[in-house]
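In: A predicted structure for the sequence below; I have some questions about it.
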Amino acid sequence: MSFTIRYRSRSAGGREIVRTSRIDKDIATIGRSPDCDILLSDLGVTLHHATLTKSDTFRVTIETDKNLPVLVNGRTATRADINARRGGSIRIGQHLLSASIGEGEDSDRIVISVEREEAAGGPEAERLFSLTGKMPGKRISAWVFSLLILASCLAWPIYSFYEYRTTEERPEGFHADILWISGSMSDAHSNLAEDCQACHTQPFVSVRDGACLQCHTDVTDHAAAGRMASAEPEPGRWDGFLLAVSDTFNRPRRSCASCHLEHEGSGRMAAAPQQFCADCHGDLDTRLTDTDFANAHDFGRGHPQFRPRVMTTPGDLSGGLARYRQVSLDDNPREDTGLKFPHQLHLSQSNGVARMAQRLSAEHGFNDALDCANCHVPTADGTRFEPITMETNCQMCHSLSFDRIGGTIRTLRHGEPEMVVADIRALYRSTGPRRPMDFSGMSRRRPGDVNRARTTDRYRFAQRTRPGRADGAIRAVFSDGGACFDCHRVERVDRPQTPYDVLPVRQIGRYLHNGWFDHGAHETEDCGTCHVADSSDSAGDVLLPGIETCRDCHGGAQAGGELVSSSCALCHSYHGEDAAPYLVRARNVRGQRPQQVRDYSGLWNRQRDRRRQGR
Amino acid sequence: MPTRPGVKVADRYRIAIIGSGPAGLSAAARAANLGLSHILLEKTDRLSDTICRYQKGKHIMATPSQLALRSDIPFEAGKREKILGLWDERTAGHSVHVRLRSEIVTIGGEEGAFGIGLADGETIEAETIILAIGTQGNPNLVRCPVEEGAAVQYTLDDPGEYVDEHIVVIGGGDAGIENALGLVEDTEQRNIVTLLNRGADFPTAKAANVKALRAAQEDGRLTVLGETTASAIGKHEIVLDTRDGETRIRCDRVIARMGSAPPRAFVEACGIEFLGPDRTAFPKLSPTFESTRKGIYIVGALAGYPLIKHCMNQGYDVVEFINGNSDLKPADEPLLEAKFRHLPISQPVEHWLEYLGSKARILQDLSPLQMREFMLDSEMHFYRKGAEIFAKNDPGSSVFGVVEGRVSVELSDTDRSLTQAIEEGSIFGEVGLVSGRRRGATIRAAEDTICIEIPRMAMLKLMASAPAAKRAVTEISTERQLLQMFGSGLKSADLAEVMETAEIRDVKAGEAIITEGDDGIDIFVIRSGSMVVEKTIGTKPVFLSYLPAGSYVGEMALLDNKKRTATVRAAIKSEVIRIDGRAFRALLENKPKLLDRARRDMAAREELNNFIEAKKDSFSSVVDMYSSVASFLIENGMGEATDVLLIDENLCIGCDNCEKACADSHDGLSRLDREAGTTYAHLHVPTSCRHCEHPHCMADCPPNAIHRGPDGEVFIDETCIGCGNCQRNCPYDVIRMEKVPPRKPGLLSWLLLGLGPGPGEPDRKWIDKRVPEDTAKVAVKCDMCAGIRGGPACVRACPTGAAIRVAPEEFLSIARLKEDTF
Amino acid sequence: MALSDADFDNAGRPTRRSVRAGDTHQSLLRYRRMLWAKIAFVGSLVGIVSYLLIDVEPRHNGGGWYGYTLGTLSVLLILWLTMLGVRKRLMTPGRWSLKAWTSAHVYLGLALVVIATLHTGFQLGWNVHTLAWALMMIVVLSGIFGVLAYMILPRRLGSNRDETTEAQMLENVADLDRQLLDAAQPLESDIAVFVQKAMEEDAFHGGVGRRLTGRHGGSATMRALAEIRSRALSGTNAAEEIYDRLDGLLSRKRAALGRIRAHLRYKGLLQIWLFVHVPLTFALLAALSAHIVSVFFYW
């Protein structure tokens, strides 16, 4: 009487089903084959897997065939004793055999209860068949992604903003809010790209002019704010709406940023469109009735004739200033700089001037005749021309020498009439007339003392009258045909010593004060194409080309084909600074500003004032 | 001398109660309480055996709820075990004198001195007898010799309790099959089951059961022996008498489910008369439950009261009566009074009942008791002249009987003067009976009228129990159907002749009523079910059209004396009215209007015929396709559907959003299984309700909780008691018995945080964790999302447009031929 | 008693009120004769044309009234498109049809590509703004994949499934395993191991890659089958019918696994894109909010 085998299993309903069989031997074979005493239908088990031997009432020994190891009380073994009283378990494949002492009718037996572990029921079909579990869950990854992005692209930049809120200038290197950059900065500002706060100083407040003015200190206003406001056209319904919107979003009107758009890609900042000017200037007079600006909206189609500022009088001897007048080229203006200079005469190819030029060519590098460049020397920036001076430009022909002592030549002092008078007087005082060799006549003559006496008389007379001759010479100098009179306006003044004085000469440095003309840009052209100097016989002619001349080459902003498209910013600069307009400047080396242009008016005065102070 | 309960007085009991069901128990308890000497005889070895045989843990309802319980034994809705336990305890408490294992074979003697012969030979004497044996009757016993000690049983309570046994189940009925399947369901039990069936196939069993059985047979889970009977039963083997000789197989246990003989024979043997010949009729009873044999009282189901409450009340009442308490009113008295109270005439209930019986044609030959019960379900109405009783297209399936006065039917929606009277005693609204459809016309009271409104279930019961009523209803409804169909102002008088010839025929599914090429001019009216019209083109039949109930067919041959141009066969089991052609022709001749409309209908069909004829050569393939698809759909119950969910598998991505939507719009239980169901030519018919013309589920619903709604949907209301009848009756298994899950957390908390089971039906684990073990299950089925704005959720929720809901007429219209869908 | 002709036609037959646009049998792409396709097309066309016509100085960018308009439009679109996820799961009553929504979702989603890209003004860079754009593009692309899958795969899915439900597939395999276990009992352990391996094999092992390619190298069932066959040839007669039975069972199991794998493959392909589409949509929303905040932060 030895073993009771209890096969335990569970019905679907969960009810435990126990099937009992008894073996009346002391040896029970375990295996898959039907002839085994303990039948384990498990392919992991060999046909004959092991044998149980009952050694005494409560001890069994398990011994596996072919040394197949089994788990006995959790330890692998091929042979093991089990005390049924203490209980013990043998795992073979998916089966668990546990030994115990039987009670009741099985009291003298050892009960081996066999249980098959059911593989834990897998997930329900729903899950099995869907990709859930194979893929990271949608919800979790959604959260992860979103949070990552919010952290890196929202929180971090904001943090880096407040981090440097107070610091003057950010250190070099990466700052998270660079992630927010909406487009690369223009070259001019590229150095600011790292430092958003340079311009965006307040969160949720659009860039204010203050930020710009920190660097752009010398920017002047286009006009008084009040005037500009009244000059602006009343916005239409659409523009009104847009303005309203931008107001609600707290975008300031007429700020720097409203014309100068940043983050539009590297390269130079694009100029404000011509329309921007035309908005106001197209019909400015309707709103600014007192303005003297004529309406203009496009160089090609709507631009008034140039109105240069010409000199009406160069001033007077009593120190009065020169007077200027702005006058349209159309009502052909005359100017009076106080100088007599017929360009025609000087530019002639054939006359004495030309001859003289040839004579002096070796010395001064003239050509067969004079040309503009012989007198007009461009300024350093090439925009305009150096002023004309007696010394550099006239003297080589118009010599003021009047005497030679030994090898040195004495010249009259230019620009100082008193000195001229003085010099001449001095000349006549210091020298007597030449003395004859004898006082008789030099021709065959009848003898007698009459001739001798006559010669002598003449000499004595000459001797007596010589100093008085100086006045004539002086008069000659200051009168028609005299050295001064040729070029200058001479006036008699009742001063005993010097009855003559010369009207001061002033030159105009710049005719167009609101526009800008850059001669440098026009090097390719002859002067003649614009300035008709060779036919001008009077210095009174204003030798400026009219707008039509410019339009030969320059069209409006939209101009195409042959014409150079010229928007406002080509000649005019918005901010009233006296420098080349943006487009011109942009064409030159970036950043280089042409130096301020000198006004040459009043050279004369300054010289004279110096002397006065000398007195 | 004083009598102590349960003690024989001169070997004679005052009352012998036969049967320990609710009625018997209650009676016995009453007797015990009154101190009458009594004995309660129970055939089996336990009290109220029938209820014991309910499935485990079945939830038992206490209906009708409005009826007060009058008994010494408590009873309220609850689990089977609980109730039984309570009863046993109380019977003991009342020291009821019970005698188990005492089957009655004869009843001799007469009032005052009955001799009750028991199966074990003993005789018990009693003055009066209360028969409370119910309608179950006795199971048919095995007739073959049974060896002593051999296990033979007639019931199977818990299949799970048998392990490693060789079991033979005898009987090819549903009971037998279900038992056999139950025994092999869990392979771990390793039962070896054999099913013996007298015949070759299973005519009485439900299709679903047979299918399951066949499947099990295929898998070799059990053996089915057809044309086999047991000839001897031993302890460990059974001798079988098969078609080819005798065989013996091992057998540890025999479960015999060979049906049961209704107790009627026995009852009649006791000299008790019944109301009618047909097997469902009830015994004749006096208002005090006394049968035609003096001294024998009948209560409970046998008396026509299936409901437990009724039985218990009667048990109480009958003892009171016997005890001489004559002026005891039945427990339902107050209810009935309430029903009659608001009527103009006031008279005691029993007068009313008689009055009704005499007036209404359908209520004749009902016993007062039946009347009582009948009235419990029905309602009395009083209508002033001109009052609307119901309007056209109202939902409602109840039948009205005109008790007094007259009602008029409005024939046309536009002109209300056009009416037809319905006289006193007749009925109306019976169309609802047949198809559970909405009202066909508005009906008003022609004068002050008293009507009785009979709910569908009550009416069906009535028709089952009272043959006269059935006959009356059939005649009336047939006539009306004809009128309704042919319309054209026909009056019943005109139909007299036709009605003579009219006969009602049941047609099995697939049976042809008209065969192409025959000559024959009879007209067929489809009363219930539906037909398909086919035309043989080349060799194979091509589906022409689909005829729902309420249409008629066969007029072509009649009108232009040709042979039948097409075959008409039943798509499902149907009922047709066959009208003799000659009679009908006569009718047509003197009714030109009718002739026109007949011609009109015919024209339509001819057009269809011609279309097919024309198309059959050009793209016959399409026609085949169409017709094969059509027939496939018919096979899948489209024939009796009014609205079915189809899924175009070319579009279905299997997201199951339809199911989820369904669950979410109906307290968390999906009423549709997208995956399951058949497919043909990329048309998938998922298992979801088809809302049959004649819903099988409606057939047997104790609380009558299944109705047809205004849009034709068939739905189960909240009164469901979870008995599971509908589930069993549904041939398309689209009804589930489930516990209603609790509310889920809001959608957002799932979307964002994954709280709760998410959209759709929660998995079982989730539900089980939250719903108490003993919650009653309820039947859930598609209700076409009645009352949900926007209509069926499944269709609305389909992202790709694969799910569509169609009515057969629509889907099976030839128009589909031309349309391409994707 | 007679009733009116009208009753003949529908004597209380269910009215087909329930039929509405959503019910009609047409795919989401053809919904309402591609109504949404047309709308989306017109929308993007307007976008492109206006982009060409309206000249923004100095160049198109996200800013300016035009840029902001496009941006706002895109945001609204994105939010609405995202709402499909809710709509799909929120079974509110009402006359909406998810098909209509999906149809709109698909086409408007495509239109979004145009509009949002115009919003960028083709100024892309390494910044949050472009991140949002890129995410949107990925989401849309995955969506396109999804639509294609929806158009192509269902047929195959259906024909491969062939009326068997997933539960049945599992049941089928489990059944075969049970039979294998029984059939293999008498076998010597050296070959029994093969069978056991075969029994342990299921179709669900392996990662996404395997699922989507449907390539499952080295199936234990195949190996067992090969082994069985090789032995069957040299086999002793005794084992013959065992081998035949095993052979049959194993081949059936192979077929069953094959079907399941195909099923898994198609289902996988129908689902996989959602694992990109959905999470990235939320990533997109995050990026989008960062984008908007940043714009106003550095206004």
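Out: Yep, that arrived.

In: next, report how far the lengthiest helix in chain C is displaced from the centre of its chain.
Out: Counting by DSSP state H, the longest helix found in chain C is helix C:237-272. In terms of Cα atoms, centre = their mean, to the nearest Å, the centre of helix C:237-272 is set 26 Å apart from its chain centre.

In: in it, what counts as buried?
Out: Across helix C:237-272, burial judged by 16 or more other Cβ atoms under 10 Å in any protein chain shown covers C:239, C:242-243, C:245-246, C:249-250, C:252-254, C:256-272. For the C-beta atoms, the positions are set from N, CA and C on the backbone; glycine is no exception.

In: next, count neighbours for whichever residue of the stretch 51-200 of chain C sits closest to chain B.
Out: Using Cβ to the nearest Cβ, the single residue of the stretch 51-200 of chain C nearest to chain B is residue C:158, 3.3 Å away. By other Cβ atoms under 10 Å in any protein chain shown, 22 other residues sit near residue C:158.

In: is the nearest residue to residue C:74 once chain neighbours are set aside in a helix, a strand, or coil?
Out: What sits nearest to residue C:74 in space, not counting adjacent residues and going by Cβ to Cβ, 6 or more residues apart in numbering or on different chains, is residue C:116, at 4.3 Å. Three-state assignment for residue C:116 (DSSP: H, G, I helix; E, B strand; the rest coil): helix.

In: give me the pLDDT value at residue C:116.
Out: Residue C:116 is assigned 95 on the pLDDT scale.

In: now swap in residue B:618 and tell me
Out: Looking at residue B:618, its pLDDT reads 56.

In: same question for residue B:562.
Out: For residue B:562, pLDDT reads 80.

In: which element is the closest residue to it other than its chain neighbours on?
Out: In this structure, residue B:562 finds its nearest non-sequential neighbour in residue B:556, 6.7 Å apart by Cβ to Cβ, 6+ apart. Element membership for residue B:556 (DSSP states H and E) is helix B:555-559.

In: so what touches that helix?
Out: Defining contact as Cβ atoms under 8 Å, 6 or more residues apart in numbering or on different chains, one finds that helix B:555-559 is touched by B:519-521, B:523, B:562-565, B:581, B:584-585, B:588, B:598-599, B:601-602, B:605-606.

In: surely residue B:572 is in contact with residue B:532?
Out: No: if you go by Cβ atoms under 8 Å, residue B:572 and residue B:532 don't touch, sitting 9.8 Å apart.

In: okay, the two: which has more neighbours?
Out: Each of residue B:572 and residue B:532 has its neighbours counted (other Cβ under 10 Å); residue B:532 has more, 27 against 24.

In: for the helix or strand containing the more buried one, buried residues please.
Out: Assigned by DSSP H and E, residue B:532 belongs to strand B:531-537. Residues B:531-535, B:537 are the ones in strand B:531-537 that count as buried (16+ other Cβ under 10 Å).

In: likewise for stretch A:190-207?
Out: Within stretch A:190-207, the residues that count as buried by 16+ other Cβ under 10 Å are A:192, A:194-200, A:206-207.

In: could those go into CSV alongside distance to chain B?
Out: Formatted as CSV, the buried residues of stretch A:190-207 follow (distance: Cβ to the nearest Cβ, whole Å):
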residue, distance to chain B
A:192, 41
A:194, 38
A:195, 39
A:196, 34
A:197, 36
A:198, 40
A:199, 39
A:200, 34
A:206, 35
A:207, 38
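
In: could you pull out the helices for the stretch 101-250 of chain A?
Out: A:125-129, A:138-150, A:156-163, A:209-215, A:225-231, A:237-248 (DSSP state H, counting those that start in this stretch).

In: okay, buried residues for the fifth one please.
Out: Buried positions in helix A:225-231, judged by neighbour count with 16+ other Cβ under 10 Å: residue A:231.

In: contacts only, for the closest residue to chain A within the stretch 351-500 of chain B.
Out: In the stretch 351-500 of chain B, the residue that lies nearest chain A is residue B:457 (35.2 Å; Cβ to the nearest Cβ). Residues in contact with residue B:457 (Cβ under 8 Å, 6+ apart) are B:377, B:701, B:704.

In: can you tell me which of these has the most neighbours?
Out: When neighbours are taken as other Cβ under 10 Å, the top entry among the contacts of residue B:457 is residue B:701 (21 neighbours).

In: which single one of the buried residues of strand B:531-537 is nearest to residue A:519?
Out: Residue A:519 lies nearest to residue B:537 out of the buried residues of strand B:531-537, by Cβ to Cβ, at 101.7 Å.

In: re earlier: okay if I get the contacts of residue B:457 as TSV plus secondary structure?
Out: Conversion of the contacts of residue B:457 to TSV gives the following (three-state DSSP):
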residue	secondary structure
B:377	helix
B:701	coil
B:704	coil
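
In: which single one of those is nearest to residue A:105?
Out: For the contacts of residue B:457, the nearest to residue A:105 is residue B:701 (53.3 Å; Cβ to Cβ).

In: which non-adjacent residue is nearest residue C:118?
Out: Closest to residue C:118 by Cβ to Cβ, 6+ apart is residue C:51, at 4.9 Å.

In: before we move on, the earlier item: of all the contacts of residue B:457, which comes closest to residue B:317?
Out: residue B:377 (19.4 Å).

In: pretty sure residue A:18 sits in a strand.
Out: Yes: assessed with three-state DSSP, residue A:18 lies in a strand.

In: tell me the helix or strand right after the helix holding residue B:556.
Out: strand B:567-570.

In: convert the C-alpha atoms of that following strand to CSV, please.
Out: Output of strand B:567-570 as CSV, limited to C-alpha atoms (Å, rounded to 0.1, in the frame of the first residue of the first chain):
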residue,chain,number,x,y,z
THR,B,567,-41.5,32.7,-59.0
VAL,B,568,-42.5,34.0,-55.6
ARG,B,569,-41.1,32.2,-52.6
ALA,B,570,-41.1,32.9,-48.9
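
In: quick one: contacts of it?
Out: Against strand B:567-570 from outside (Cβ under 8 Å, 6+ apart): B:507-516, B:524, B:529-536, B:541, B:547, B:553-554.

In: wasn't the residue nearest to residue C:118 part of a strand?
Out: No: counting by three-state DSSP, residue C:51 is not part of a strand but helix.

In: so it sits right up against residue C:61, yeah?
Out: No: with contact defined as Cβ under 8 Å, residue C:51 does not reach residue C:61; the gap is 11.7 Å.
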